[in-house]
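Participant: Turn this into a structure:
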Amino acid sequence: MKSVLIEMEKLKNLNSGLGQFCLNLGKQFQHLNIQNLDLNFYLPASQKNIFGENFSYIKQTALHKLIPLNSLKYDVWHCLQQDTPYLPTTNNTKLILTIHDLNFLEKYKGGKKKRKLYQLQKKVDKASVITVISKYTESVVRENLKLNNKAIHVIYNGNSLEVVENTTKPKYITFSNFIFTIGIVAPKKNFHALLPLLQNNKELHLVIAGNCETNYAKQILRMAEKMQISQQLHFPGIIDNATKYWLLKNCRAFVFPSISEGFGLPVIEAMSLGKPVFLSNLSSLPEVGGDEAYYWESFEPEHMHKVFEKGLADFNDAKSNRSIQWANQFSWENAAKAYLELYNVL
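Facilitator: Presented below is the predicted three-dimensional model:
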């Protein structure tokens, strides 16, 4: 039986996108009939047994960053994200490296950018196989890293939206006409570009879920105050699954003007509920939204308003059903089976 170690450091923060990636993939492994593979989860001590008693668990410690865990007993070592400090100690253990994005290319400049690229290249050199979460990420990897004929596989993320029955409307929702977005509240999400939509419609509200204590969140609040739309902007902070489900289910539209996404999971979650989604036409978003989403080609307020109003007028039951069908192709079952196939063939 082939022994596989799956590195899940990011389970330490279940509210992060990478934390959710690890969690949902592991949960799906629980539900599959896995044969000829012995899966071992390498994760923070706080998450031991998170996927049940049928798997083995290895506790990550700070010491492992100095004295790495011996990988001799493992045939395959899968790192679920590219920034991991935990790598196999021998070339006899085949490394699968999953790369989600290369956002640091835009975030950093000069020496720091070069160091990050050098560190990632070293991991790529060590890997037997590279996996990415979108064709867009694949294109960025091929452009900036030397693969030396290594195989690269696109394995899409799944829709992780938890269906929550009988959800209660949040107390701060005292209006019916609102648009919704969610994510880390950072400049790359470009949420401030949505504010002019509120100026054009005083009955429209915007709910932005995520950490509202960031400098960027405070910048958005200052902009809203200056534009005299503060009463239409709402920052509930980090929300639970039930609240997210209610907001997605009841929003007029999901809006996501992000300028840099490796995948963009909230888009699929919204589409799975048949909601109209409005996205930037940048990075992976056209790939994820397909023909069923509406796209902003610029962030000029008049253009955004025109696309938004035209999209709302165009959206109907048939379009909603097509959005649901499109979203259904992105499943964690499909993702888990694709990874298991890689484990078997290495």
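Participant: what mean pLDDT does stretch 296-310 have?
Facilitator: For stretch 296-310, mean pLDDT is 98.
Participant: wait, I meant stretch 35-42
Facilitator: Mean predicted confidence for stretch 35-42 is 96.
Participant: Report the buried residues of that stretch.
Facilitator: By neighbour count with 16 or more other CB atoms under 10 Å, stretch 35-42 contains the buried residues 37, 39, 40, 41, 42. C-beta: built from backbone N, CA, C; applies to glycine.
Participant: quick check: longest helix of the chain.
Facilitator: Counting residues, the longest helix in the chain under DSSP state H turns out to be helix 110-126.
Participant: and after it, which helix or strand comes next?
Facilitator: strand 129-132 (DSSP states H and E).
Participant: Could I get the CA-only coordinates of that next one as CSV?
Facilitator: Below are the C-alpha coordinates for strand 129-132, written out as CSV (Å, rounded to 0.1, in the frame of the first residue of the first chain):
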residue,chain,number,x,y,z
VAL,A,129,4.4,17.1,-10.2
ILE,A,130,2.8,20.6,-9.9
THR,A,131,-0.9,21.2,-9.5
VAL,A,132,-2.7,24.5,-9.9
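Participant: Return the distance of that strand from the chain's centre.
Facilitator: Centroid separation for strand 129-132 versus its chain: 16 Å, with CA atoms, centre = their mean, to the nearest Å.
Participant: Also stretch 112-125?
Facilitator: 22 Å.
Participant: what does the average pLDDT come to for it?
Facilitator: For stretch 112-125, the mean pLDDT works out to 97.
Participant: related to what we said a few turns ago, for the longest helix of the chain, give me every contacting residue.
Facilitator: With CB atoms under 8 Å, 6 or more residues apart in numbering as the test, helix 110-126 has contacts from 79, 82, 87-88, 91, 95, 97, 99, 102, 104-105, 108, 130, 144-148, 150.
Participant: Kindly recompute the last result at 10 Å.
Facilitator: Residues from elsewhere that reach helix 110-126, judged by CB atoms under 10 Å, 6 or more residues apart in numbering: 77, 79, 82-85, 87-88, 91, 95, 97, 99, 102-108, 130, 141, 144-148, 150, 152.
Participant: again, but for stretch 56-71
Facilitator: If you take CB under 10 Å, 6+ apart as the criterion, stretch 56-71 is touched by 3, 5-9, 11-12, 38-51, 74, 77, 84-93, 95.
Participant: Check which residues of it are buried.
Facilitator: 57, 58, 60, 69, 71.
Participant: nearest to residue 304, of the residues you listed?
Facilitator: residue 60 (44.0 Å; CB to CB).
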